[in-house]
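**Student:** dropping a prediction and its sequence here:
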Amino acid sequence: MTFELPRGQPTRRRLLLGVAVIAALLVAQALVEDWCDRRSDSGTRALVRNAMKSVQQLAQIVHEVDRQRLALGAYVVGDDDDVSGVSLAEAMSALDADLAETVRTYAPLTAFPGEAERWAELSSALARYRQQTRHIVALARAGRSDEARRAMAELLPVYAELDRKLVRLHELNREGGARALERLSALQVSTRRLEWTVRVVVFLTLVLLGLWGARHITRYEDALAARSRDLDQRNRDLDAFAGRVAHDLKNALGPIVISPEMLRLYADQPKRIGDLADRTERCARKATAIIDALLAFSRAAQSAAPDETGALVPTVRNVLDEVAPLVTAVGATIEVGVIPDVQVRCSPGLLHVVLANVCGNAVKFLQGEPVRHVHISARVERTSCRIDVQDSGPGIPEELRTKIFAPFFRTGRADVPGTGIGLATVQRILDARGGRIEVSATDDRGARFTMWIPLA
């Protein structure tokens with residue numbers, strides 16, 4: 001069983017993303033709260049500036065009108081000797097300029113609902129009032145005092161109307177200011193609610209990110225621990241494998257080491273020399289087989305070249321020739337079904353290793369079985385070639401069907417030779433080329449190995 005650690009680069013990206021999200025949330029919270037504060041402050045300043053300036057300018061208009069009326073009254077009553085037509089004209093001109101300036105200042109401040117309409121009415125009344133006062137001043141400058149006094153009497157209804165409109169506009173400003181204060185209070189409440197909502201959202205998000213980070217770190221730590229255990233197990237397996245390989249090579253090379261001495265001892269016995277030669281040859285072949293298996297395992301994980309191809313039919317034929325002596329020794333039979341003439345994405349040499357390992361395993365585990373039969377077939381499935389090798393052997397227990405592909409694993413049968421890396425080599429070759437291998441049981445308690453190799 002193998003474990004994989006989370007890959008370094010994606011893990012760093014996730015952690016950096018989490019930190020960036022936290023920073024973004026904090027910045028967003030600060031910006032939202034700053035915006036809320038600025039919105040509330042700007043609303044307060046606008047309200048105070050508009051309401052107070054409106055009241056101030058209205059009071060100024062009333063003051064200027066009253067000053068003009070007093071100046072006209074002093075002239076009409078005539079109890080002030082200093083008041084003449086010329087002096088009245090000069091005083092009224094200055095007062096009228098002040099009134100005009102006050103009117104220009106107030107005009108842009110009509111922000112409350114209905115204020116613009118009432119200001120338009122007041123402006124019309126002011127225009128009539130100023131026109132009438134100019135007429136009175138003109139009469140006074142011409143020395144027509146009696147007519148000026150009569151015109152002054154006619155000015156009183158205009159002044160009364162102007163006073164009523166000023167009172168109404170003042171009330172409108174006061175009511176508008178009160179409503180604006182209510183809106184400001186509601187705005188402050190909504191701002192506080194928004195700020196708290198943002199804080200709660202940020203807090204919950206930080207909690208979720210913390211839980212996610214803790215779970216991710218825990219999973220990473222668990223993967224590290226599992227990987228450590230797997231490495232320990234692999235080291236133990238490697239030690240055991242090294243011992244087995246050393247033992248097998250020693251057994252294979254032992255007779256070869258003593259062969260020279262035996263040859264010298266039996267130099268005059270041709271029959272014994274022939275037996276020694278046969279024994280030496282068998283031992284050399286066994287040692288070569290072990291070394292070839294190790295080399296195949298080391299080369300199995302190499303990725304396939306873009307133009308790597310292998311023909312299935314001739315490879316199957318070569319594998320059958322190779323395992324024929326083993327088939328004869330075991331007393332088994334091999335039946336070959338339909339084999340499509342296709343090219344697969346695997347070099348001829350490695351394809352031969354794959355099929356030879358699977359077929360060789362199927363044959364050698366038939367030793368001592370009542371029925372000794374192997375069936376090989378293949379067919380094309382979409383973009384892959386499926387190869388089935390089915391035997392009538394003892395089968396593989398379900399709990400071992402994943403373990404048999406682990407390097408250095410042996411089933412425990414001492415009568416079956418092998419290094420324990422044949423099926424691991426097959427899996428490494430197929431994995432490196434986008435294929436796979438599976439094992440399942442058959443109806444007659446044997447095993448079926450199924451391989452999928454991508455088509456070239």
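**Tutor:** Good, I have the coordinates.
**Student:** buried ones in stretch 189-198?
**Tutor:** Using 16 or more other Cβ atoms under 10 Å as the test for burial, stretch 189-198 gives 191, 195, 198. All C-beta spots, glycine's among them, are computed from the backbone N, C-alpha and C.
**Student:** how far off centre is stretch 208-219?
**Tutor:** On the basis of Cα atoms, centre = their mean, to the nearest Å, stretch 208-219 sits 15 Å off its chain's mean C-alpha point.
**Student:** before we move on, what about stretch 135-147?
**Tutor:** A distance of 88 Å separates the C-alpha centroid of stretch 135-147 from that of its chain, computed with Cα atoms, centre = their mean.
**Student:** next helix or strand past the longest helix anywhere in the chain?
**Tutor:** If you go by DSSP state H, the chain has its longest helix at helix 145-265. Downstream of helix 145-265, the first helix or strand assigned by DSSP states H and E is helix 270-299.
**Student:** so which elements touch that following helix?
**Tutor:** Applying 3 or more Cβ pairs under 8 Å, 6 or more residues apart in numbering; DSSP states H and E, we find helix 270-299 packed against helix 145-265, helix 348-364, helix 422-432.
**Student:** which strands and helices lie in contact with the second one?
**Tutor:** Contacts of helix 348-364 with other secondary structure elements, assessed using 3+ Cβ pairs under 8 Å, 6+ apart, are made with helix 270-299, strand 310-311, helix 312-330, strand 373-381, strand 384-391, helix 422-432, strand 447-454.
**Student:** redo the ones you listed as JSON lines? Include mean pLDDT.
**Tutor:** Listed next are those as JSON lines, based on pLDDT from 0 to 100:
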{"stretch": "helix 270-299", "mean pLDDT": "77"}
{"stretch": "strand 310-311", "mean pLDDT": "93"}
{"stretch": "helix 312-330", "mean pLDDT": "93"}
{"stretch": "strand 373-381", "mean pLDDT": "95"}
{"stretch": "strand 384-391", "mean pLDDT": "95"}
{"stretch": "helix 422-432", "mean pLDDT": "88"}
{"stretch": "strand 447-454", "mean pLDDT": "94"}
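**Student:** and these: which comes nearest Glu175?
**Tutor:** Of all the helices and strands packed on helix 348-364, it is helix 422-432 that lies closest to Glu175, at 83.0 Å by Cβ to Cβ.
**Student:** following element in sequence after the closest one, please.
**Tutor:** Next helix or strand after helix 422-432 toward the C-terminus (DSSP H and E): strand 436-441.
**Student:** count of residues packed around the nearest residue to Ala362 once chain neighbours are set aside?
**Tutor:** The shortest distance from Ala362 to any non-neighbouring residue, by Cβ to Cβ, 6 or more residues apart in numbering, is to Asp391 (4.0 Å). The number of residues packed around Asp391, counting by other Cβ atoms under 10 Å, is 28.
**Student:** can I get the helices and strands packed on helix 270-299 in a markdown table with distance to Pro325?
**Tutor:** Formatted as a markdown table, the helices and strands packed on helix 270-299 follow (distance: least, Cβ to Cβ, whole Å):
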| stretch | distance to Pro325 |
| --- | --- |
| helix 145-265 | 18 |
| helix 348-364 | 10 |
| helix 422-432 | 17 |
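**Student:** quick one: closest of those to Glu308.
**Tutor:** helix 348-364 (8.5 Å).
**Student:** next, the buried residues of the closest one.
**Tutor:** By 16+ other Cβ under 10 Å, the buried positions in helix 348-364 come out as 348, 350-364.
**Student:** what's the closest of the residues you listed to Arg13?
**Tutor:** Within the buried residues of helix 348-364, distances to Arg13 taken as Cβ to Cβ reach their minimum at Leu350, with 35.9 Å.
**Student:** show the pLDDT at that closest one.
**Tutor:** We have a pLDDT of 88 for Leu350.
**Student:** tell me if I'm right that it and Ile429 touch.
**Tutor:** Yes - if you go by Cβ atoms under 8 Å, Leu350 and Ile429 touch, sitting 5.1 Å apart.
**Student:** could you check the angle helix 145-265 makes with the helix or strand hosting Glu101?
**Tutor:** Using DSSP H and E, Glu101 falls within helix 85-106. If you take axes from the mean of the first three to the mean of the last three Cα atoms, to 10 degrees, helix 85-106 sits at 20 degrees to helix 145-265.
**Student:** summarise which helices and strands helix 85-106 is packed against.
**Tutor:** helix 8-77, helix 115-141.
**Student:** tell me the phi and psi of Gln343?
**Tutor:** Backbone torsions of Gln343, given as degrees, to the nearest 10, read phi -100, psi 130.
**Student:** okay, now Arg234: neighbour count?
**Tutor:** Per other Cβ under 10 Å, the neighbour tally for Arg234 reads 15.
**Student:** no wait, Lys53
**Tutor:** Count around Lys53 with other Cβ under 10 Å applied: 14.
**Student:** any idea how far Arg199 lies from Arg192?
**Tutor:** For Arg199, the distance to Arg192 (Cβ to Cβ, to the nearest Å) stands at 11 Å.
**Student:** same thing with Thr110?
**Tutor:** Distance from Thr110 to Arg192, by Cβ to Cβ: 31 Å.
**Student:** repeat for Arg229
**Tutor:** For Arg229 relative to Arg192 (Cβ to Cβ), the value is 55 Å.
**Student:** next: Glu147.
**Tutor:** Taking Cβ to Cβ as the measure, Glu147 and Arg192 are separated by 67 Å.
**Student:** same check on Ala441?
**Tutor:** Using Cβ to Cβ, Ala441 is found at 71 Å from Arg192.
**Student:** again, but for Leu169
**Tutor:** 35 Å.
**Student:** got the end-to-end distance for stretch 336-352?
**Tutor:** In terms of Cα to Cα, to the nearest Å, the two terminal residues of stretch 336-352 are separated by 16 Å.
**Student:** ok, of the helices and strands packed on helix 85-106, where does mean pLDDT dip lowest?
**Tutor:** Across these, helix 8-77 gives the lowest mean pLDDT, at a mean of 69.
**Student:** what sits against Ser454?
**Tutor:** Quick fix: residue 454 reads Pro, not Ser. The contact partners of Pro454, by Cβ atoms under 8 Å, 6 or more residues apart in numbering, come to 344-345, 383-385, 433-435.
**Student:** I'd guessed Ser384 sits against Leu455; true?
**Tutor:** Yes - counting by Cβ under 8 Å, Ser384 sits close enough to Leu455 to count as a contact (6.3 Å).
**Student:** neighbour count winner among those two?
**Tutor:** Ser384 (19 against 16).
**Student:** show me the domain layout of the protein.
**Tutor:** If you go by automatic domain parsing, the domain ranges for the chain are 8-212, 306-454.
**Student:** deepest of those domains, which one?
**Tutor:** Highest mean neighbour count among these (mean count of other Cβ atoms under 10 Å): domain 306-454, with a mean of 17.
**Student:** quote the end-to-end distance of it.
**Tutor:** Taking Cα to Cα as the measure, domain 306-454 stretches 12 Å from start to finish.
**Student:** ditto for stretch 105-123
**Tutor:** In stretch 105-123, first residue to last residue: 13 Å (Cα to Cα).
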